[in-house]
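Peer 1: Dropping a prediction and its sequence here:
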Amino acid sequence: MAESVWEVVRDVPACRLAEVPRRRLTDDTEDGGRDEGRDQRLAALVSAYHGGDPALVGWRRASAAGPVEVFVGGQGLVTEAEAGRAALSLPVGGHGQVLRPGAVADVMRDLPSWVRIGGVTDGLLIDDQPDGEGPVARPSLEDCLLSVWTQPFAWLLLAEPVNTEETRRLADDVADRAFTAQSMAERSPENAVEAARLERRHRELRQAATTGLWRVHLLAGGMSPQAAARVAALVCASADLDGLPYALVPLPDEASLNAARPFEASSRLVAALARPPLREVPGVRFVVRPEFDVTPETAAGGVQLGRVLDRNRADVGVLSVPLESLNRH
């Protein structure tokens, strides 16, 4: 694996995910495993993109059937840190333990074998996705990876923002290619299909000027080349790419890895891939957010009982009771 990838990872401030807010599920919200947090992750990533910050998400299991460590990194995703505890915007309301610089690169490289996962852009993939009614069972890392692979593994997503000028150049290049293919579409069905693909890619790149375009490194690791290739295939199978013009392809050939390049992708794809657990897994605790009054109507000068915490358990003020209420049950 190219050293430059690990050098970038080493410089990204990161934390170990410790707690994730648990959604309150009802019969009306059970929808076949749809990733309800994708829109929230998209908002966090768009914000990070405009701040010029890389984004990092990864999972690691150090021993067979052991607990899972989930890492989140990037100045735009770690909203604040105090006394070794970090508040996160991905996942929203999550908390983590701040890690020393370079810790993620060090623990990930404990696994001896790594392969890249490539991204294929094809606007026609959206046309092939079914529009059936009713809930659809979506792929997830918990079902497609953790339930299948019990040996040590890791996968890592590193997304670096592509600046506006380079995004514009990529869009102009695609526009030129689309024009050429369109001019030959009447003479060749293949050119007509290529023109449709390029036209959709051009629209996506133009939108990326505001929503973000990233240079994506997606890596999978295992204890052997065969294990790493298997993990890469399972990560690809675990990605919920519904509604996205992308496909993931494992690149298990070690000879081609050093020459392989990252791929450019929209914030929507990064949001789909940057997945924290959707339900509690060994190593990551799920907690129900408190729902109570965070603006107590108490007069000043009473007896201070404690502090008021909001739904993210942040201190938002003093909880006190008036003196005349002390004789009440």
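Peer 2: That came through, no problem.

Peer 1: Run through the residues that contact Ala154.
Peer 2: Ala154 is in contact with 58-61, 108, 111, 220-222, 231, counting by CB atoms under 8 Å, 6 or more residues apart in numbering. Every residue, glycine included, has its C-beta placed from N, CA and C.

Peer 1: Just flag the most distant two among the residues you listed.
Peer 2: When the contacts of Ala154 are compared pair by pair using CB to CB, the two farthest from each other are Gly58 and Gly222, 13.9 Å apart.

Peer 1: In PyMOL, how would I select just the buried ones from the contacts of Ala154?
Peer 2: Those of the contacts of Ala154 that meet the burial criterion (16 or more other CB atoms under 10 Å) are gathered into one PyMOL selection, given here:
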select buried, resi 58+59+60+61+108+111+220+221+222+231
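
Peer 1: Of the contacts of Ala154, just say which sits nearest to Trp214.
Peer 2: Gly58 (15.5 Å).

Peer 1: tally of neighbours for the closest residue to that closest one other than its chain neighbours?
Peer 2: Using CB to CB, 6 or more residues apart in numbering and skipping the chain neighbours, the partner closest in space to Gly58 is Leu156 (3.8 Å). Residues lying near Leu156 (other CB atoms under 10 Å) number 25.

Peer 1: Leu156: what secondary structure?
Peer 2: Classification of Leu156 by DSSP: H, G, I helix; E, B strand; the rest coil places it in strand.

Peer 1: do the same with the one 3 residues further on
Peer 2: Reduced to three states with three-state DSSP, the structure at Ala159 is strand.

Peer 1: need the contact list for it.
Peer 2: Shown here is Ala159, whose contacts under the criterion CB under 8 Å, 6+ apart are 45, 54-56, 214-217, 265, 270, 274.

Peer 1: Just list whatever residues bridge to it.
Peer 2: The partner list for Ala159 in beta bridges (DSSP bridges) reads Ala55, Val216.

Peer 1: that older thread, closest one of the contacts of Ala159 to Glu190?
Peer 2: Using CB to CB, Ala265 comes nearest to Glu190 of the contacts of Ala159, at 25.0 Å.

Peer 1: Give the other helices and strands that whichever strand or helix holds the closest one contacts.
Peer 2: Taking DSSP states H and E as the criterion, the element that holds Ala265 is strand 263-266. Taking 3 or more CB pairs under 8 Å, 6 or more residues apart in numbering; DSSP states H and E as the contact definition, the neighbouring helices and strands of strand 263-266 are strand 113-121, helix 189-211, strand 213-222.

Peer 1: how far out from the middle of the chain is the longest one?
Peer 2: Averaging C-alpha positions (CA atoms, centre = their mean, to the nearest Å) puts helix 189-211 24 Å from its chain's average.

Peer 1: Other residues contacting it?
Peer 2: Outside helix 189-211, the residues that touch it by CB under 8 Å, 6+ apart are 46, 49, 121-124, 162, 164, 167-168, 170-171, 174-175, 177-178, 181-182, 184-186, 213, 245, 266-268.

Peer 1: Which positions within that helix qualify as buried?
Peer 2: So for helix 189-211, counting by 16+ other CB under 10 Å, buried means 191, 194-202, 204-205, 207-208.

Peer 1: who touches the nearest residue to Leu273 once chain neighbours are set aside in this structure?
Peer 2: On the basis of CB to CB, 6+ apart, the spatially nearest residue to Leu273 that is not a chain neighbour turns out to be Leu157, at 5.3 Å. Under the criterion of CB under 8 Å, 6+ apart, the neighbours of Leu157 are 55-58, 216-218, 270, 273-274.

Peer 1: quick one: which of those is most hemmed in?
Peer 2: Once you tally neighbours by other CB under 10 Å, Ala55 ends up highest among the contacts of Leu157, having 29 neighbours.

Peer 1: on that earlier part again, so which of the contacts of Ala154 are in helices?
Peer 2: Among the contacts of Ala154, the residues falling in helices (DSSP state H) are 108, 231.

Peer 1: Would you mind putting the contacts of Ala154 into TSV with distance to Val68 alongside?
Peer 2: TSV is the format used below for those (distance: CB to CB, whole Å):
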residue	distance to Val68
Gly58	11
Trp59	6
Arg60	7
Arg61	5
Met108	13
Leu111	14
Ala220	15
Gly221	14
Gly222	15
Val231	13
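
Peer 1: could I have stretch 96-108 exported to CSV, CA atoms only?
Peer 2: In CSV, the C-alpha atoms belonging to stretch 96-108 read as follows (Å, rounded to 0.1, in the frame of the first residue of the first chain):
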residue,chain,number,x,y,z
GLY,A,96,-15.7,9.2,21.3
GLN,A,97,-12.4,8.9,23.1
VAL,A,98,-9.7,11.2,21.6
LEU,A,99,-6.7,9.3,20.3
ARG,A,100,-3.1,10.3,20.2
PRO,A,101,-1.8,11.6,16.8
GLY,A,102,-1.1,8.7,14.4
ALA,A,103,-2.9,6.1,16.5
VAL,A,104,-5.3,5.0,13.8
ALA,A,105,-2.5,4.5,11.3
ASP,A,106,-0.6,2.5,13.8
VAL,A,107,-3.4,0.1,14.8
MET,A,108,-4.6,-0.3,11.3
